[in-house]
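Participant: sequence below, structure please.
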Amino acid sequence: MDNLLRKLASPFSHSETSYLSLMSWLTKWSLRSFAIPLTSESGGKEGTRFLIIDKIRHWVIYVCTALIWFFYNVMYSFWFYKNIYNSNGSISLPVWQKVIAFYFLISYDMIFGLHVCLLFRKRELLQVLKTCVWIEKKCVGRGASDYAKINILSNLDACKFSLFAIPVMLGALGIFRPCMPPSIANAVLLQCRDGWSDQDAALWFRLINGFMQGYVWFSVPAVMVVTISRLMLYPSVMVELWIKMIEGQLAHYKYAIHGLSAFRVAQVFQNLVNSVMGKPLITIFVSLSIMCQIISLYVIITSWEKISFGVSAFFYLMGIDFFVVIHITLHSLSKSYVVTVKFAKNMTSLRSQNAWFKKFLRSCPPLKVGMGDGKFFDGLTSFIIWQFCVDRLINMLLLDK
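Facilitator: Coordinates of the predicted model:
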């Protein structure tokens, strides 16, 4: 029964006993979008190595990808401003169309913001990638096993599926619905007299529009996948694994006080992760997750009869993805705090008579992932965010009536 539940929760990765191979696979495929200024190469016995882009042709592809994405952002924002925000009643769109258009606006602009943050923090990001691998290998070498949790694997499976499903869905949408968001064709060349369902575009134009839209929307989920898997999930579970390894060693060898100094590794690593995730990256990510979850649920509830099967499938996928992001990814950011608070309590009772031990523990405050304004992720943060999403969704539904 347990195996069946694991297969249902994580159909692709339920048999994994570690995170290393799955994380490497996700990162390699994400980097092939050239939306992240890193590259990978085979390191032989050491496995896959990740490096900052150093070849001119790779930088050229990266810059071209960023410029195409930026062009899409500008043109779509212009179309949104002209036809929705400042239409002055000249174009009357139903509410559900305005909501869908706004969804793609925030997706374009806010994920591009994440893209820019990762560009300026590429060296710190690379160090996070390397340190996560080092910690996992170190813990495995010291006896850690069967630590891969099914909720984390299910989140990674969602990343794996979305990385390829989203560009295919939106590339096909660009071919069959060239006038519908997130296409920018209606802002550049097409007149779209019949609105989003207009079919006057020539076949060659549809194919080009679909290819370019699919290319851009391969970059969009790639940035999200790297942010979720390598910047949020992997560091959180590695800090948890590292602290539990220290606690296990100290509990087993009661006089191995020197092992406590390994706590400093977790402190330094958490500071490194926080430097990458600091404002505005974490603010953008949380805001994006909240808005996309609310809009996806709103579209599914109110408009599924009015949109095509492909568009409906996309919003169902987004609703599931951001539900997982809120309840697993954002919840995982509390692991550092929860495990270090528990560690301090356990160690205080274990070494209550050791003055040096007490003094060292006082210099080991709980590790935290900050949200800004003095707030940080704890065990209830994801629940509070979800409650906020539900409250806003109910308000939208009541206003719609």
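
Participant: what sits against the residue nearest the centre of the chain?
Facilitator: Nearest to the geometric centre of the chain sits Ile228, at 3.0 Å (C-alpha atoms, centre = their mean). Each residue near Ile228 by C-beta atoms under 8 Å, 6 or more residues apart in numbering is listed here: 155, 159, 325, 329. In short, each C-beta sits where N, CA and C put it, glycine included.

Participant: in helices, which of these appear?
Facilitator: Judged by DSSP state H, helices contain the following of the contacts of Ile228: 155, 159.

Participant: make JSON lines out of the contacts of Ile228 and add distance to Gly143 and neighbour count.
Facilitator: Shown next, in JSON lines, are the contacts of Ile228 (distance: C-beta to C-beta, whole Å; neighbours: other C-beta atoms under 10 Å):
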{"residue": "Asn155", "distance to Gly143": "26", "neighbour count": "26"}
{"residue": "Cys159", "distance to Gly143": "29", "neighbour count": "26"}
{"residue": "Val325", "distance to Gly143": "32", "neighbour count": "27"}
{"residue": "Thr329", "distance to Gly143": "28", "neighbour count": "26"}
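
Participant: out of the contacts of Ile228, which is nearest to Val276?
Facilitator: Thr329 (15.1 Å; C-beta to C-beta).

Participant: what's the distance between the closest one and Asp378?
Facilitator: 15 Å (C-beta to C-beta, to the nearest Å).

Participant: Ile384 too?
Facilitator: 10 Å.

Participant: more crowded one of the two?
Facilitator: Asp378 (17 against 10; other C-beta atoms under 10 Å).

Participant: just confirm Ile135 is within a strand.
Facilitator: No - the assignment for Ile135 by DSSP: H, G, I helix; E, B strand; the rest coil gives helix, which leaves it out of any strand.

Participant: distance of it from Ile243?
Facilitator: On the measure of C-beta to C-beta, Ile135 and Ile243 end up 11 Å apart.

Participant: Ala222 - nearest residue in space that isn't next to it in sequence?
Facilitator: Computed as C-beta to C-beta, 6 or more residues apart in numbering, the closest residue to Ala222 that is not its neighbour in sequence is Ser33, at 3.8 Å.

Participant: just put the contacts of Ile228 in a markdown table and tack on distance to Met212.
Facilitator: Formatted as a markdown table, the contacts of Ile228 follow (distance: C-beta to C-beta, whole Å):
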| residue | distance to Met212 |
| --- | --- |
| Asn155 | 30 |
| Cys159 | 24 |
| Val325 | 27 |
| Thr329 | 29 |
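
Participant: ok, the contacts of Ile228 vs Leu129, which is closest?
Facilitator: Cys159 (15.4 Å).

Participant: touching, Ile36 and Met224? I think so.
Facilitator: No - the pair Ile36 / Met224 is not scored as a contact, 11.0 Å apart, by C-beta atoms under 8 Å.

Participant: strands along the chain, start to end?
Facilitator: For the chain, the strands defined by DSSP state E occupy 38-42, 48-52, 370-372, 375-376.

Participant: okay, now Glu247: neighbour count?
Facilitator: Each residue near Glu247 was counted by other C-beta under 10 Å, and the total is 19.

Participant: so it sits against Thr340, correct?
Facilitator: No - with contact defined as C-beta under 8 Å, Glu247 and Thr340 do not form a contacting pair (10.1 Å).
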